[in-house]
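Visitor: My questions are about this predicted structure, shown below with the sequence.
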Amino acid sequence: MANRIRINTEDSVDYCYFPISSLQINLKIQASHDARIALRTHLGEDSDVYEILLGGRENTISAIKKNNVEPNVVEIETWDILNDEQSRGFWIQWGWYNSLLSVGKRGSITFMTYKDKNPFVINYIGVSTACGAKGKWILDGMQSQCLALRQQLLETNHYWVDYDDEVGIPGNAVSVSEDGPYIGRAHHRGSVTPGNVLGGMCTLPWGGQVHEKTSFQIFCGKNINWVKSWEGSVPLYALVGGETEDNYPLFIGRVCIDGIYHVGKIQPNHQVCYISFSGRERAFKEYETLVHNYFPIVEWVGR
């Protein structure tokens with residue numbers, strides 16, 4: 001299932017990233033100049049990255065750069081390619097099979113290509129506007145789920161243990177903090193949703209409300225950590241904890257409020273982490289993501 005994302009970008013060199021598992025994306029961009037797109041394997045500093053610039057130098061040139069190395073691998077004149085009063089359509093395509101990165105206008109032919117002798121897997125796309133520009137973006141073709149994530153859900157099922165009220169909390173259950181609740185998940189309205197486990201109950205956020213489940217699973221294991229994340233992004237080694245009723249992946253996140261951690265669901269296509277708090281579902285753009293250090297196939301998981 002494909003997804004459409006709408007986002008506004010401020011004047012900033014920082015990218016806002018989203019997981020992607022397709023080989024092509026369609027974009028609509030409304031900006032005066034300097035719209036930038038980044039394509040990368042993961043969100044670590046050592047990731048390979050292509051940067052695509054549209055309407056640079058006051059809307060006169062477009063370019064492709066690899067790994068932040070000068071000079072640009074491609075640079076062409078594209079006078080007035082962007083417009084700050086109306087959206088302009090573009091598409092970007094990449095393929096590991098032919099090592100070719102292509103950029104074109106919507107409904108038109110390619111105007112930039114780069115054939116890379118050393119291509120890499122693309123799992124994330126980022127967007128930004130800089131040099132005094134602000135932008136409005138629509139991203140079409142964001143893949144909601146991929147086989148690798150489905151496989152990861154299957155491969156990690158043994159970390160999830162059905163809760164038994166007579167046995168209680170398993171000895172190797174993972175808590176969200178030293179004195180916080182445990183990590184659980186439960187079925188709800190066609191979804192499998194992560195949530196808090198406390199007092200024999202799993203409390204999960206869904207549809208703006210809090211839902212309590214007596215039938216649930218607890219996450220058990222070791223070698224986990226929490227990594228600071230934001231706006232729907234998840235780091236390498238993030239563990240898929242469930243999926244929405246529409247088959248979008250859900251990751252495990254936590255948010256600290258007044259010194260107390262609350263566990264919830266990171267929903268990348270919504271760009272937030274949802275938790276249960278004060279009797280309702282609350283969304284946070286900044287959160288921490290649970291990562292599992294010893295997951296053998298994670299290097300090639302495409303998000």
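Guide: Structure received.

Visitor: Report the separation between residue 209 and residue 278.
Guide: When distance is defined by CB to CB, to the nearest Å, residue 209 is 12 Å away from residue 278. C-betas here are computed from N, CA, C, even on glycine.

Visitor: okay, these two: which has more neighbours?
Guide: For residue 209 against residue 278, the residue with the higher neighbour count under other CB atoms under 10 Å is residue 209, and the figures read 11 against 7.

Visitor: May I have the residues that are in contact with that one?
Guide: When contacts are counted by CB atoms under 8 Å, 6 or more residues apart in numbering, residue 209 is found next to 280, 281.

Visitor: Go again with 6 Å.
Guide: With contact taken as CB atoms under 6 Å, 6 or more residues apart in numbering, residue 209 is in contact with residue 281.

Visitor: By mean pLDDT, which helix or strand of the chain comes out lowest?
Guide: Among the secondary structure pieces of the chain, namely its helices and strands, helix 147-155 has the lowest mean (mean pLDDT, DSSP states H and E), a mean of 65.

Visitor: got a list of contacts for stretch 171-186?
Guide: By CB under 6 Å, 6+ apart, the surrounding residues in contact with stretch 171-186 are 192, 194-198, 202, 204, 213, 216-220, 241-242, 254, 261, 263.

Visitor: Report the distance from it to the chain centre.
Guide: Centroid separation between stretch 171-186 and its chain, computed with CA atoms, centre = their mean, to the nearest Å, is 24 Å.

Visitor: Could you tell me the end-to-end distance of stretch 53-60?
Guide: End-to-end distance for stretch 53-60, by CA to CA, to the nearest Å: 11 Å.

Visitor: Check which residues of that stretch are buried.
Guide: Within stretch 53-60, the residues that qualify as buried by neighbour count (16 or more other CB atoms under 10 Å) are 53, 54, 55, 56, 59.

Visitor: between those residues, which is closest to residue 45?
Guide: Closest approach to residue 45 among these (CB to CB): residue 53, at 20.5 Å.

Visitor: Once you drop chain neighbours, what's closest to the closest one?
Guide: residue 63 (4.6 Å; CB to CB, 6 or more residues apart in numbering).

Visitor: is it true that residue 226 touches residue 288?
Guide: Yes: look at residue 226 against residue 288 with CB atoms under 6 Å: they come within range, at 4.1 Å.

Visitor: Which one's more surrounded, these two?
Guide: Counted by other CB under 10 Å, residue 226 and residue 288 do not tie: residue 288 has more neighbours, with 22 against 16.

Visitor: Show me what the more buried one bridges to in the sheet.
Guide: Listed by DSSP bridges, the beta-bridge partners for residue 288 are residue 228, residue 254.

Visitor: For it, list the residues it contacts.
Guide: For residue 288, the residues meeting the contact criterion (CB under 6 Å, 6+ apart) are 226, 228, 254.

Visitor: partner residues bridging residue 224?
Guide: residue 292.

Visitor: Give me the neighbour count for it.
Guide: Around residue 224 there are 17 other residues, counting by other CB under 10 Å.

Visitor: quick one: it from residue 240, how far?
Guide: In terms of CB to CB, residue 224 sits 14 Å off from residue 240.

Visitor: Alright, that wraps it up for me.
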